[in-house]
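Visitor: Sequence first, then the predicted structure:
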Amino acid sequence: MKRSESDRLFEHAQTVIPGGVNSPVRAFRSVGLKPLFITKAQGAYIHDADGNAYLDYVGSWGPMILGHAHPAVVEAVRQAAGKGLSYGAPTEAEILLAEKVISAYPSVEMIRMVNSGTEATMSAVRVARAYTGRDKIIKFTGHYHGHADYLLVKAGSGATTLGIPNSAGVPQSFSEHTLLCEFNDFDTIIQITQEEYPGEIACIILEPFAGNMGFVPPVQDFLKKLRALCDREGIILIFDEVMTGFRVAKGGAQEVFSVIPDMTTFGKIIGGGMPVGAYGGKKEIMSMVAPLGSVYQAGTLSGNPLAMAAGLATLNELFKPGMYDELARTTGRLTEGIRTIAQKTGTPMTVDHCGSMFGFFFSGSPIHSYEQALACDTARFNRFFAKMLEEEIYLAPSAFEAGFVSLAHTTEDIDKTLSAFENILRFM
Ligand SMILES: Cc1ncc(COP(=O)(O)O)c(CN[C@@H](CN)CCC(=O)O)c1O
């Protein structure tokens, strides 16, 4: 496969951008390859600088659920751009997107738009601390909530991929209020909230489906028990649905499990590929946010008109009848097919999905924790990733990410993917 143009661009990029990329996971470091430089994308396919086309299961790490360059989204952004790119003043589009998101999340009565998932989670934690008057927060090892200092503690995604889950440059005093629990292990939470720090925890923030240590669903009743504990202890429960929101279901993980968080963070899909994050919750909690309340949070480009247009156009398409059934059907066909091939080729693999979010591990037993995920055969994943790329299938370049199916993925695309899986696993 010709890659000389991507390689040339990568060499050049590294002279002016750290690692040649503007986000670490894109560097392909963990899979031991050089990244592809992308020139365009359409539907389920991305195209690199050497003219190769790949069937894309990264979807810009989640936002591109309609497929790339959906005409309705492109047209909405084009129209918005013609009216000016940014006003730094309120617009009706912000009300419309706020109401559109709220319509699918009954737990959210008020919402604030920001520019990224990181801004959403750091703001939600600040509000939870102000609302409860408490300083300590609980996060789970392997969960990733963006790069706010005090959340870069045993973080997943690129932090785990690059082996720096506790980032340099974060003073101990910045993260001393961040307490760690193990996902799917309720005992560690009881111990911290009731024995070690009773009455001191402001919030528990989690990915309701972990998507940054591979795809790891919550075990039976884990979320329900978490909800009950937070009710008993006066702790704010924050569902970080930046990845799962509008992905695992229209109403996110809180719809799938009928567990209602106090606050929810969003990103990715609600921007349709443009920079948008959001955090929201009950009116009583969100009334803490300036200018209404005393919690300051701001942003020059928050609620940007083009970003609102892209988000609105994306949700309008997603909300059409049958869209989520189609996403679940396509993804189910993919994961069922992978499972069958793993059995046929005698490959120890676990495969799982919810809605159009999926993942697999090269492991003979189910994965429920960060520790188990770390113990998986990542060397085998890296070899597999490289061979899938040769078959023109573009997976996330890390064993510690999830995969995403879009409405643009066809039955033929799934069949092509499954034959690539079989061709490779037969000989790996
Ligand atoms: C659950 C969850 N919460 C927050 C974030 C941070 O969102 P951003 O700041 O990257 O928009 C993310 C970001 N996800 C990663 C992919 N695993 C973004 C890709 C990247 O870092 O380049 C997330 O998955």
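Guide: Perfect, thanks for sending it.
Visitor: And the helices in the stretch 201-350 of the chain?
Guide: 222-233, 252-257, 283-286, 305-318, 323-344 (DSSP state H, counting those that start in this stretch).
Visitor: quick one: the fourth one to helix 323-344, angle?
Guide: Angle between the axes of helix 305-318 and helix 323-344 is 70 degrees (criterion: axes from the mean of the first three to the mean of the last three CA atoms, to 10 degrees).
Visitor: And for the first one?
Guide: When the same axes, to 10 degrees is applied, the directions of helix 222-233 and helix 323-344 differ by 120 degrees.
Visitor: Find the closest residue to the ligand in the stretch 101-250 of the chain.
Guide: In the stretch 101-250 of the chain, the residue that lies nearest the ligand is residue 117 (2.3 Å; CB to the nearest ligand atom). C-betas here are computed from N, CA, C, even on glycine.
Visitor: Would you give the sheet partners of the host helix or strand of residue 352, along with the direction of each?
Guide: Using DSSP states H and E, residue 352 maps to strand 350-354. Taking DSSP bridges as the criterion, strand 350-354 sits next to strand 357-361 (antiparallel) in its sheet.
Visitor: Give me the buried positions along the partner strand.
Guide: Within strand 357-361, the residues that count as buried by 16 or more other CB atoms under 10 Å are 357, 358, 359, 360, 361.
Visitor: is it true that residue 42 lies in a strand?
Guide: Yes - assignment of residue 42 by DSSP: H, G, I helix; E, B strand; the rest coil places it within a strand.
Visitor: Close to the ligand: what parts of the stretch 151-300 of the chain are there?
Guide: For the stretch 151-300 of the chain, the contact set with the ligand under CB under 6 Å from any ligand atom comprises 157, 158, 207, 211, 212, 240, 242, 243, 267, 277.
Visitor: which ones are touching the last one?
Guide: Looking back up the chat, that one is residue 277. 113-120, 242, 265-267, 270-271 (CB atoms under 8 Å, 6 or more residues apart in numbering).
Visitor: Let's see that with 7 Å instead.
Guide: Contact analysis of residue 277 by CB atoms under 7 Å, 6 or more residues apart in numbering lists 114, 115, 116, 117, 119, 120, 242, 266, 267.
Visitor: Do you have the strands of the protein handy? List them.
Guide: Here the chain has its strands, by DSSP state E, at 38-42, 45-48, 53-56, 110-114, 136-140, 178-181, 201-206, 236-240, 263-266, 277-281, 350-354, 357-361, 393-394, 403-404.
Visitor: which helices and strands sit right next to the longest one?
Guide: Going back to what we said before, that points to strand 201-206. Counting contacts by 3 or more CB pairs under 7 Å, 6 or more residues apart in numbering; DSSP states H and E, strand 201-206 packs against helix 117-132, strand 136-140, helix 222-233, strand 236-240.
Visitor: Let me know the angle separating the first one from helix 222-233.
Guide: Read it as helix 117-132. Interaxial angle, helix 117-132 versus helix 222-233 (the same axes, to 10 degrees): 30 degrees.
Visitor: pLDDT on helix 117-132, on average?
Guide: When pLDDT is averaged over helix 117-132, the result is 98.
Visitor: so who does the closest residue to residue 281 other than its chain neighbours touch?
Guide: Spatial nearest neighbour of residue 281, excluding adjacent residues (CB to CB, 6 or more residues apart in numbering): residue 263 at 3.7 Å. Residue 263 makes contact with 124, 128, 236, 238, 279, 280, 281, 285, according to CB under 7 Å, 6+ apart.
Visitor: Now restrict the residues you listed to buried residues only.
Guide: 124, 128, 236, 238, 279, 280, 281, 285.
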